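Trainee: build me a model:
(chains A, B, C and D)
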There are 2 protein chains.
Amino acid sequence: MFSKACEYGIRASVYIALQSMEGRRVSVNEIAEEIDSPIAFTAKILQQLSRSNIIHSVKGPTGGFEIERENMESVKLNMIVKAIDGDDIYKGCGLGLKECNADKPCPLHDKFVDIRSDLSKMLRNTSLYELAMGLEVGLTYLKR
Amino acid sequence: MFSKACEYGIRASVYIALQSMEGRRVSVNEIAEEIDSPIAFTAKILQQLSRSNIIHSVKGPTGGFEIERENMESVKLNMIVKAIDGDDIYKGCGLGLKECNADKPCPLHDKFVDIRSDLSKMLRNTSLYELAMGLEVGLTYLKR
DNA sequence: CGTTAATCGGACAATTTTATCCGAAATAGG
DNA sequence: CCTATTTCGGATAAAATTGTCCGATTAACG
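Mentor: Residues are numbered from 1 along each chain as shown, chains lettered A, B, ... in the order given. Now for the predicted structure:
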């Protein structure tokens, strides 16, 4: 479904959001530890998210990653997915055709439209804040 | 979503089904031509589908691939996907956690359950016959 | 029986994705 | 100013996926 990079990116973002709710800025090392991901690879993905203005990074000692209060609610999963995997998951054809649309559909087009639209809607409507809350109350997990 | 191999596999199967409806057995070369896929790679995938008893292969001159009449309706997309990509798309966690279930869910678990169940249901309910029919009446396409 | 056309199967090559390493730049704190 | 800690960015490596090649096997047909 999503690439590994995207999976790590989402998990990392949720963890950063959780910590940012309590004003804590976190390092790559801590993030990788807490979401059980390869450190250096995770760092690359965080850079990408930072450049996309989804998370905020601070250099130097006491530096790390955080998400501003006002972004907590406004950052939705679809932005993270788009920043890392691009928008193929929304726009691309399920059977890999270059041009597949209502005018010239692949055999699966109509059936795929519904599913992808559900997925797309879910990602557009899910905020980091919402996911971080589930973590905070111990309802969900980011490891294993 | 699906791997390239799986995309080719589905497209090839639909084309074989279409031709089998008219009693024509088709070669890898024809298939690759008609679904616009790399020949040798397509051949590999067809071998896999043949070993999984999803399509039937015949060696030698006048040989090629076909799908038995009785399989046309009973072969559903989920079998092809499972044979090529495995069942990760059904069972795996959306965020890549090794164990993610109702007891110990990832932050996206509940929201994913619905979408994956829709996808799974669609694949389980879609037969090659149905897709081949759409092609035959010129409603859908396998190229470009 | 020999030729020819087809799949089979294994080895290999190219590309993409995943992952690591390391020096450079920034900056807090003494 | 100096040191320690952190992100940044580019080069590189490893692994997985995608794709190619070729000889072996099978079988139809003259």
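Trainee: please pull out the lowest mean pLDDT helix or strand from chain A.
Mentor: helix A:88-91 (a mean of 89; mean pLDDT, DSSP states H and E).
Trainee: how about that one, does it get close to DNA strand C?
Mentor: No: judged by CB under 7 Å from any atom of the strand, helix A:88-91 stays clear of DNA strand C, getting no closer than 9.1 Å. No exception for glycine: its C-beta is placed from N, CA and C like everyone else's.
Trainee: for the closest residue to residue A:69 other than its chain neighbours, the count of nearby residues, please.
Mentor: Ranked by CB to CB, 6 or more residues apart in numbering or on different chains and with sequence neighbours excluded, the top spatial neighbour of residue A:69 is residue A:20, at 7.6 Å. Look at residue A:20: counted by other CB atoms under 10 Å in any protein chain shown, it has 23 neighbours.
Trainee: do residue A:123 as well
Mentor: For residue A:123, using other CB under 10 Å, the count is 21.
Trainee: that one contacts residue A:77, correct?
Mentor: Yes: judged on CB atoms under 8 Å, residue A:123 makes contact with residue A:77 at a distance of 4.3 Å.
Trainee: all strands for chain A, in order.
Mentor: For chain A, the strands defined by DSSP state E cover A:56-58, A:64-66.
Trainee: ok, the first one: who's next to it in the sheet?
Mentor: Just to be clear, that refers to strand A:56-58. strand A:64-66 (antiparallel) (DSSP bridges).
Trainee: rounded mean pLDDT for the strand it pairs with, please.
Mentor: The pLDDT scores in strand A:64-66 average 98.
Trainee: equivalent analysis for stretch A:17-32, please.
Mentor: For stretch A:17-32, the per-residue pLDDT averages 98.
Trainee: what's the answer for stretch A:121-131, then?
Mentor: Per-residue scores along stretch A:121-131 average to 98.
Trainee: go on, stretch A:102-113?
Mentor: 97.
Trainee: mind listing the helices for chain A?
Mentor: Assigned helices in chain A, in chain order: A:4-21, A:28-35, A:39-51, A:69-74, A:77-85, A:88-91, A:109-125, A:128-136 (criterion: DSSP state H).
Trainee: pick the most buried one from those helices.
Mentor: helix A:4-21 (a mean of 24; mean count of other CB atoms under 10 Å in any protein chain shown).
Trainee: residue closest to the middle of chain A?
Mentor: Taking CA atoms, centre = their mean, the centroid of chain A lies closest to residue A:10, which sits 3.2 Å from it.
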